[in-house]
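[1] Structure of the sequence below:
(2 chains)
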Amino acid sequence: MDLAEFLFWTVGALTCLSAVMVAAAQSIVRAAVWLLFTLAGVSGLYFLLGADFLGAVQLIVYVGGILILVIFGVMLTAQGPLTSIKTPAGEWAISLVVGFLMLGLLVACILATSFDTFKPTTIIDDPARARTATDLGLVLVGVKDSQVQGPADLNQVPGRQREGITYVFPFEILSVHLVVVLIGAAYLARAKRRRKEQA
Amino acid sequence: MNQHFLTGESVTQLTQSLGGSLAVFAPELVLAGGIVLLLLLRMLSAFNRLHLGYVALGIGAVALWLSWTQWQPFLMADNSVQQSAFGGMLVFDGLTAFIRLFLMAGLVLLVWLTLMTGIPDREDSADFYVLLLGAVVGMNLMASANHLLMVFISIEMASLPSYGLVGFLKGRRQSSEAALKYVVYGGAAAGVMLYGMSFLVGRCGSGYLPDVALSFQALLRDGGFDPLLLVSILMILIGLAFKLSAVPFHFWCPDVFEGAAAEVGAFLSVASKGAAVALTGRFCLTLVAGTPADPVANAELWNSASHYFGPALAFFAAVTATFGNLAAYTQTNLKRLLAYSTIAHAGILIMGIAALTADGLSAALLYLVVYLFGNFGAFAVVALLRNAYGTEDLADYSGMVRRAPFLTVAMAIFLLSLVGLPPLMGYVAKFEIFAELYQAGYNLNRPHLIYLLIVGLFNTVISLFYYVKVLKVMIIEPLPEGAAVQPIAPLANIYVGILAFVTAFGLRVWDPLMEHGAKRATAPMRFVAEQVPAAGPR
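    Numbers count the residues shown, from 1 in each chain, chains lettered A, B, ... in the order given. Sure, this is the predicted structure:
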């Protein structure tokens, strides 16, 4: 076991531990802090697997942005009955049973699946090889084809021309979506103006 | 096409393909432009006194016209062209054009209805129509999504504005509760679906649906049964089942419909179902379809691939239809009753998809068109009577025939059409779905489809009880003493009259609608079933 592999397992175990603590913590503030470690741990895994851009995005968006919002929300609402979450024993039992059944199902499925047709994703310990932002940028505008790794060599299908896949469109259309959602949120948040009183 | 820098040549290439994509995308562009226009008009004081519904109606009409012109090539000939747009993110084919036309027609009908019923008022009109147009853009994308990334984004684009629309009546506790429930269920379903997608993408190596299909088929050829694939597909179907309000993911539906305004209910029950049917149909049929060139391999593929979808869809369909119809019987609130009726109809729509043939999907599309008129009509009557008499309780509808005779007769036509009684248009839709179930079950040797057909027939009988119960209250029960009679606006009567006319005499356009409409829409997927060898009677 070399250093990279050791780090991978350590970070992974810490991430899982904090994720469990998010669910188990009774104080909502503590849960938010455990969430911080979970999200940061996930970004650490991304970095270890060579997805530097994804790791950075995870840090900036989730740890830096969303988690701050969560903590703001907690601070504004954590008064009186909402500061601590007490889950009744019955709900614990049900959620444990359902959760472990789901876990068992997924683990069984993953173990029953053979992944030998895949190129294994390796831990990248050479920083020069782990520069994904350029590639992602080129795929985004469709200059470079997104690489397909799969059980079938898709280029080998007769009579079929693979076309380049670009990701500009989702990026652009989301801006329309965000405008709409912003308007909706503003509508729901603002108080209704009393027009009749003015008249 | 592997290079590392952006060159002038590749930029030219990208610009050219973008032009073609934008041309196909014109109706959605109009809607997106309309959103901006609505927001800008709100800033000008000159337009402060204008109800922006008229502007939204204009935008919807332009988009409808554009969608109609885009449907023309499919109307004229059997056109199985699938044009890829925006670098494979979207696909433009008959199904896209058909659903787009359907959604734009629904949009125009809804905006017209809201102009008459006064929800929203003038002050909130900009927000309401922005949310509405945004949701319709998302639904259009659902119908044309060709990449799992777009599948997810489009579902969210259709859902998030819908949450806002449900909570639009801000002062009412019920409305806010409905919106919150919708958000929580929607978020959970989206999470499950995204998890399933991550497995599917991981297993197939790509999110581009044709590539996913190829990998899926290669896996089936090599290994036979793949549990991870099955689980991932089931998870994606759960997300879609939420949009279709299929049992057991329907819990949000009655509460949301009861809390939201009837107009929003009409929109959710018709438009969002239409988009979800198209997306579910495209997803399932793309994965079970092989290459047109090789009929024998195709048939084998269909036989093994259909095991991944067929039983799950058939189960959803049977449970959904039966539960919806049984639960509707005890409802006393009309919007809640129509919500359960929506669930039941979702079950019948899934039956069409469960056949896993292009003709089955065509039957579901035809059903959608019929359902658009019948259900919109029923919700419109509820909304108009709410405005006139301030009630949505079935008990207060007694003797309604003496207060609003025209609306009552129209309601009778809508409800009987939803049952599927012969002279009305609903019969056409039910007949086509059941006929496709029989054909697929018998010819393709899928006995579970025959059982599904029996469940469907049984459900038609149950649904008769609660629809007729509404009519009994409205027509036979006496008007309470001293009940006032409110006038209904003539324009509202005309609106309902048009919908009722189409529902009553739509039988006349059965053949053109099916042969030149719904069947043309699924032409690219046609070879799926036709080349499966007829197994003959068992």
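
[2] Could you find the closest non-adjacent residue to the spatially most central residue of chain A?
    Among the residues of chain A, the one closest to the centroid is A:Gln58, at 7.3 Å (CA atoms, centre = their mean). The shortest distance from A:Gln58 to any non-neighbouring residue, by CB to CB, 6 or more residues apart in numbering or on different chains, is to A:Ser43 (3.8 Å). Yep, even glycine has a C-beta here, placed from its N, CA and C like the rest.

[3] count of neighbours near that neighbour?
    A:Ser43 has 22 neighbours, counted by other CB atoms under 10 Å in any protein chain shown.

[4] Which residues of the stretch 51-200 of chain B lie near chain A?
    B:84, B:86-90, B:123-124, B:126-127, B:130-131, B:133-135, B:137-138, B:141, B:147, B:149-150, B:153, B:156-157, B:160-161, B:163-164, B:167-168, B:170-171, B:179 (CB under 8 Å from any CB of the partner chain).

[5] quick one: low-confidence parts of the stretch 151-300 of chain B?
    B:222-224, B:290-297 (pLDDT under 70).

[6] got it, and chain A?
    A:78, A:80-83, A:115-131, A:142-164, A:192-199.

[7] at 80 what do you get?
    A:1, A:50, A:75, A:77-87, A:113-166, A:191-199 (pLDDT under 80).

[8] Run through the helices of it in chain order.
    A:3-24, A:28-48, A:52-57, A:67-77, A:89-112, A:133-141, A:168-189, A:195-198 (DSSP state H).

[9] Let me have the ones you listed in TSV, adding distance to B:Glu477 as columns.
    Putting the helices of chain A into TSV (distance: least, CB to CB, whole Å) gives the following:
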stretch	distance to B:Glu477
helix A:3-24	54
helix A:28-48	53
helix A:52-57	63
helix A:67-77	49
helix A:89-112	45
helix A:133-141	64
helix A:168-189	40
helix A:195-198	39
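
[10] Need the winner for burial among these.
    Mean neighbour count (mean count of other CB atoms under 10 Å in any protein chain shown) peaks for helix A:28-48 among these, with a mean of 19.

[11] Name the residues of stretch B:337-344 that are buried.
    Neighbour counts over stretch B:337-344 (16 or more other CB atoms under 10 Å in any protein chain shown) mark B:Leu337, B:Leu338, B:Ala339, B:Tyr340, B:Ser341, B:Thr342, B:Ile343, B:Ala344 as buried.

[12] what's the distance between the nearest residue to A:Val11 once chain neighbours are set aside and A:Phe8?
    Of all residues not flanking A:Val11 in the chain, A:Gly44 sits nearest, at 4.4 Å (CB to CB, 6+ apart). Distance, A:Gly44 to A:Phe8, by CB to CB, to the nearest Å: 9 Å.

[13] Could you do B:His516 as well?
    Distance from B:His516 to A:Phe8, by CB to CB: 59 Å.

[14] now do A:Leu188
    A:Leu188 is 43 Å from A:Phe8, by CB to CB.

[15] residues touching the nearest residue to B:Leu52 once chain neighbours are set aside, list them.
    Distances taken as CB to CB, 6+ apart put B:Ser125 closest to B:Leu52, at 4.0 Å, once the chain neighbours are dropped. B:Ser125 makes contact with B:His51, B:Leu52, B:Gly53, B:Ala56, according to CB atoms under 8 Å, 6 or more residues apart in numbering or on different chains.

[16] again, only this time at 6 Å
    B:His51, B:Leu52, B:Gly53 (CB atoms under 6 Å, 6 or more residues apart in numbering or on different chains).

[17] what residue ranges in the stretch 1-150 of chain B score low on pLDDT?
    B:1-20, B:45-48, B:76-82, B:87.

[18] mind listing the strands for it?
    B:83-85, B:90-92 (DSSP state E, counting those that start in this stretch).

[19] do you know how far the residue positioned nearest the centre of chain B is from B:Leu101?
    In chain B, the C-alpha nearest the mean C-alpha coordinate belongs to B:Gly274, at 1.4 Å (CA atoms, centre = their mean). According to CB to CB, B:Gly274 stands 10 Å off from B:Leu101.
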